[in-house]
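Undergrad: Structure of the sequence below:
(2 chains)
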Amino acid sequence: MDSIISIKDLSKIYNTGFEALKNVNLEINKGEIIALLGPNGAGKTTLISTICGIVSPSSGTVTVGGFDIISDFRKTREMIGLVPQELTLGAFDTVWSTIRFSRGLFGSKRDDAYLEQLLKDLSLYDKKDSEIRALSGGMKRRVLIAKALSHNPKVLFLDEPTAGVDVELRKDMWKIVNKLRSQGVTIILTTHYIEEAEEIADRVGVINNGELLLVEQKEHLMESLGKKQLVIDLKESVKKIPPSLDKYNIELTDDGMQISYTYVVKDEEVEISDVLNEISNSGLLLKDLKIVQSSLEDIFVDLVKEK
Amino acid sequence: MNLMAIKVIYLNEMMRFWKTLFQSVASPVISTALYFVVFGSAIGSRIENIDGVSYGLFIVPGLTMLSVLTQSISNASFGIFFPKFTGTIYELLSAPVSFYETLIGYVGAASTKSLILATIILVTASLFVELNIAHPFWMLGFLVLTCISFSLFGFIIGLWADNFEKLQIIPLLIITPLVFLGGSFYSISMLPPLWQKVTLFNPVLYLVSGFRWSFFEISDVGVGLSLLMVLLFLSVCIAIIAWMFNTGYKLKQ
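TA: Numbers count the residues shown, from 1 in each chain, chains lettered A, B, ... in the order given. Below is the predicted model of the structure:
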């Protein structure tokens, strides 16, 4: 796949001395959705603000579509749309005037038909002449998306797009994002919500303390780092795990009615059938069993703790 | 150059003016009328002509300058401060717009508003006194230069200010006293010699004096010097803004 954004050795140290980004390297491919996960203050917003031109990098280079974000800022910014985290809108502007303003800022000629269609796609058309202050939080979020898309960007940054919105709107957002992807728009989103990354991203990047800890295909990440847990309900309570199972690090619940065995999928030394045979031969009476797969959230928590 | 961006910034700022048209027009008309009633009629009737010009007529340029200076600063400072305050500045910073294009949009709109205001004041004044402008071209030149210079100054204040208090402090504590003490309502020849010399350090004196000369051909200082001072002030403002933009002062982290 062709790269559309190339980040090389990017660092950002604020005037306060806070090092928000530490030698970040990242290639973002055309048409993909990449989710950047990280706790508060990890550097997610600084990273996208730097690419968009809001924050000046301390060192390193960023290119968008092959153009440098500093020396060719007009070309790079023309390609980018940004939906900020905060609901930053002029309270007294109408929806229509604010999206026309955004389109004009990006140097695009007036195209009412496109903007009207955009508002329809975002279920905002009936609010076209409403003042922003009269809209709900969810509607304001949609207006921010409309503003970001008003100039047909090739790359869309969504900074915590569903922070503080209800589940229904969140799912609507995901639909919008998927539709944009089908139109070939590259999407970079930052989020706290692991389920969001799990639902819509192709790749996942984890940032903590200004460092990009990893970037992986979502499925690969879950496959390679994900843990599975074999959980077995017992027919009768036991006080301790039979010595023959000691080598497997099996855990027993306090009531003695359940044992669990956690293993890493990629670990080639583990043969789950061997473990099951050993458990069966140990004399434990099995009632039921299930396998629980770790979520991206578990992987994320483990990674952040590790670092 | 992103001309479209300049146009939308300019029109967006002007839209705020049209939205509050009544206040925008009523306020200068009422205050001008009040100044004429108080200074022109009540007090002015007891003041002798100044250099052959009646007092009511004499205060017209000063009165216009007073409003133009304060409104230029207020319009331009608020224009750029408000997006900073609400956070909508992100859109300007992430758009393919240079700082100078942003400046032209904001300062252009603020200057236009001040020019409209000056026109309203002069039209209102002409209802009270018979207004003849000796040098209309120079009058317009001084007016446009002053509107642009003080809009630039207002833009600097708007960039510098972090809060509403800072936004108000310079116009309130520095500009208004300078305008009142800069010969807006009197000729400095009416002051004691020491204060005449002190007043020469007030930059507003040169603006008012030059502007008044374009009306009545009378001035406190030479018209060339007035023009020079306006251009100097304009250059200083441009230099400060250039520095602010180049360093990203209070705009970019």
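
Undergrad: For chain A, see how far away residue B:175 is.
TA: 27 Å (CB to the nearest CB, to the nearest Å). Placement of C-beta: from N, CA and C, glycine included.

Undergrad: and residue B:214, what does it touch?
TA: Contacts here follow CB atoms under 8 Å, 6 or more residues apart in numbering or on different chains; on that basis residue B:214 touches B:61, B:133-136, B:138-139, B:141-142, B:223.

Undergrad: now, which of those sits nearest chain A?
TA: Nearest to chain A out of the contacts of residue B:214 is residue B:141 (CB to the nearest CB; 31.4 Å).

Undergrad: Test for you: state the pLDDT assigned to the closest one.
TA: pLDDT, residue B:141: 93.

Undergrad: again, but for the one 3 residues further on
TA: At residue B:144, the model reports a pLDDT of 94.

Undergrad: Can you tell me what sits against stretch B:4-20?
TA: Outside stretch B:4-20, the residues that reach it (CB under 8 Å, 6+ apart) are A:92, A:97, A:100-101, A:104-109, B:24, B:75, B:79, B:92, B:95-97, B:101-102, B:104-106, B:108-110, B:112-113, B:116.

Undergrad: Spell out which parts of chain B neighbour chain A.
TA: Residues of chain B that fall close to chain A, judged by CB under 8 Å from any CB of the partner chain: B:2, B:4-5, B:7-9, B:12, B:15, B:19, B:86-88, B:90-97, B:248, B:252-253.

Undergrad: go again using 7 Å as the cut-off
TA: Residues of chain B lying near chain A by CB under 7 Å from any CB of the partner chain: B:2, B:4-5, B:7-8, B:12, B:86-88, B:90-91, B:93-97, B:248, B:252-253.

Undergrad: Go through the worst-scoring helix or strand of chain B on mean pLDDT and flag the buried ones.
TA: Lowest mean confidence among the helices and strands of chain B (mean pLDDT, DSSP states H and E): helix B:21-35, at a mean of 79. Applying a neighbour-count criterion of 16 or more other CB atoms under 10 Å in any protein chain shown, one finds B:24, B:28, B:32, B:35 buried in helix B:21-35.

Undergrad: Could you pull up the contacting residues of residue A:84?
TA: Listed by CB atoms under 7 Å, 6 or more residues apart in numbering or on different chains, the contact set of residue A:84 reads A:144, A:159, B:90.

Undergrad: tell me which of those residues is nearest to residue A:192?
TA: Nearest to residue A:192 out of the contacts of residue A:84 is residue A:159 (CB to CB; 11.2 Å).

Undergrad: so where does residue 146 fall, helix or strand?
TA: In the absence of a named chain, chain A is used. For residue A:146, the host element (DSSP states H and E) is helix A:137-149.

Undergrad: my bad, the chain I had in mind was chain B
TA: Element membership for residue B:146, per DSSP H and E: helix B:136-160.

Undergrad: From the contact counts, what lies against that helix?
TA: Applying 3 or more CB pairs under 7 Å, 6 or more residues apart in numbering or on different chains; DSSP states H and E, one finds that helix B:136-160 contacts helix B:55-86, helix B:99-126, helix B:164-170, helix B:203-216, helix B:223-247.

Undergrad: can you tell me which of the ones you listed comes nearest to residue A:211?
TA: Residue A:211 lies closest to helix B:223-247 among the helices and strands packed on helix B:136-160, at 28.4 Å (CB to CB).

Undergrad: quick one: average confidence on that closest one?
TA: Mean predicted lDDT for helix B:223-247 stands at 90.

Undergrad: pLDDT below threshold where in the stretch 1-150 of chain A?
TA: Across the stretch 1-150 of chain A, the ranges flagged by pLDDT under 70 are A:1.

Undergrad: Other residues contacting stretch A:137-156?
TA: Under CB under 7 Å, 6+ apart, the answer for stretch A:137-156 is A:4-5, A:64, A:79-84, A:87, A:89, A:95, A:98-99, A:102-103, A:106, A:108, A:115, A:118-119, A:122-124, A:127, A:132, A:135, A:164-165, A:169, A:176, A:180, A:185-187.

Undergrad: Let me fix that, I meant to ask about stretch B:117-126.
TA: B:25, B:28-29, B:32-33, B:60, B:63-64, B:67-68, B:71, B:131, B:143.

Undergrad: Turn those into JSON lines, including distance to residue B:194.
TA: What follows is the contacts of stretch B:117-126, written out as JSON lines (distance: CB to CB, whole Å):
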{"residue": "B:25", "distance to residue B:194": "42"}
{"residue": "B:28", "distance to residue B:194": "35"}
{"residue": "B:29", "distance to residue B:194": "38"}
{"residue": "B:32", "distance to residue B:194": "33"}
{"residue": "B:33", "distance to residue B:194": "35"}
{"residue": "B:60", "distance to residue B:194": "28"}
{"residue": "B:63", "distance to residue B:194": "27"}
{"residue": "B:64", "distance to residue B:194": "29"}
{"residue": "B:67", "distance to residue B:194": "30"}
{"residue": "B:68", "distance to residue B:194": "29"}
{"residue": "B:71", "distance to residue B:194": "32"}
{"residue": "B:131", "distance to residue B:194": "34"}
{"residue": "B:143", "distance to residue B:194": "32"}
